[in-house]
Structure formats: structure tokens, C-alpha cells
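S.K.: One predicted model, sequence on top.
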Amino acid sequence: MNKYRAIRTISRLCVSNKYNARRTFSILCNRTFSSQSEAKRGEELRLLEMAGLIKDLEYQVRFVLSQKPRISITVDFAYTEDGVRKYEDVKGMGETREFRVKRIWLKEKYGVDIELVR
């Protein structure tokens with residue numbers, strides 16, 4: 001039984017997603033990101049905010065697209081630059097069909113354009 005618990009504990013620590021992205025903690029942002037590339041972009045945006053070039057930086061902004069069934073999309077970053085609200089999503093492997101559909105739906109419902117960052 002002890003071996004089973006040890007293996008189960010180790011497997012929880014080594015969980016990765018289907019794209020092999022590694023969760024990464026950023027000391028600068030004081031949060032954990034879904035991938036190294038997302039953490040890097042988050043730190044870049046945080047430095048821009050500290051320099052005063054952007055304002056109102058938010059992480060993991062959620063938009064509800066439908067109540068029933070409950071469908072939503074989460075955008076990695078939102079910030080204000082030169083008085084314009086911008087939304088960014090970091091994609092390492094490119095867009096999935098599901099993300100493309102949700103992005104178009106978001107544009108139609110809220111008028112929000114998501115800029116993809118690679």
C-alpha cells in the first residue's frame with residue numbers, strides 16, 4: 001500500500017498536458033503560468049506595466065459565451081495600451097479548431113479581438 005501511495009503522489013507531481021507544456025512559476029508576477037512561453041510573455045507584460053507603458057494588466061480573463069450549455073473562453077492576458085484594451089493568448093502549437101470557433105464567437109458577442117502570441 002505504501003508503494004502505491006508513493007507512485008500516486010509522484011504521478012500527480014509529474015502531470016503534463018497533451019502538448020507537454022510545463023507549468024512555470026514567475027517570481028516577478030507571483031503566479032504560476034500554464035507554460036514557459038506564457039510565463040515569459042507574462043513577465044514581459046509585467047515589466048511593461050512597471051515601466052508605465054501599459055496599465056490594468058490582468059491574467060486569465062474569462063468570458064462566458066453561452067449560459068446553457070455553459071461555454072466560456074479564457075484569455076491569457078488583458079491590458080490597456082494607449083487607452084485601448086488589448087487581449088492576448090499565448091499559443092505554442094497553434095490554434096485548435098475549438099479555440100478558433102470560440103475566438104470568432106467572442107468577437108461576435110463582445111467585439112473582442114484576441115491577438116495570438118507564439
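M.R.: Sure, I can see it.
S.K.: buried set for the host helix or strand of Glu58?
M.R.: Following DSSP states H and E, one finds Glu58 within strand 55-66. Residues Leu57, Tyr59, Val61, Phe63, Leu65 are the ones in strand 55-66 that count as buried (16 or more other Cβ atoms under 10 Å). The way it works is simple: take the backbone N, C-alpha and C, and place the C-beta from them, glycine included.
S.K.: quick one: contacts for Lys55?
M.R.: Residues in contact with Lys55 (Cβ atoms under 8 Å, 6 or more residues apart in numbering) are Glu49, Tyr79, Thr80, Glu81.
S.K.: Correct me if wrong: the second one contacts Gly42.
M.R.: No - between Tyr79 and Gly42 there is no contact under Cβ atoms under 8 Å: 10.7 Å.
S.K.: State the pLDDT value of Thr74.
M.R.: At Thr74, the model reports a pLDDT of 93.
S.K.: Chain neighbours aside, what residue packs nearest to it?
M.R.: In space, and not counting its chain neighbours, Thr74 is closest to Arg62: 4.9 Å by Cβ to Cβ, 6 or more residues apart in numbering.
S.K.: residue contacts, the one you found?
M.R.: Contacts of Arg62 by Cβ under 8 Å, 6+ apart are Ser72, Ile73, Thr74, Val75.
S.K.: Neighbour-wise, which one of these leads?
M.R.: Ile73 (21 neighbours; other Cβ atoms under 10 Å).
S.K.: just to revisit the earlier point, quick check: the farthest pair among the buried residues of strand 55-66?
M.R.: Leu57 and Leu65 (23.4 Å; Cβ to Cβ).
S.K.: now Thr80: how far from Arg23?
M.R.: 27 Å (Cβ to Cβ, to the nearest Å).
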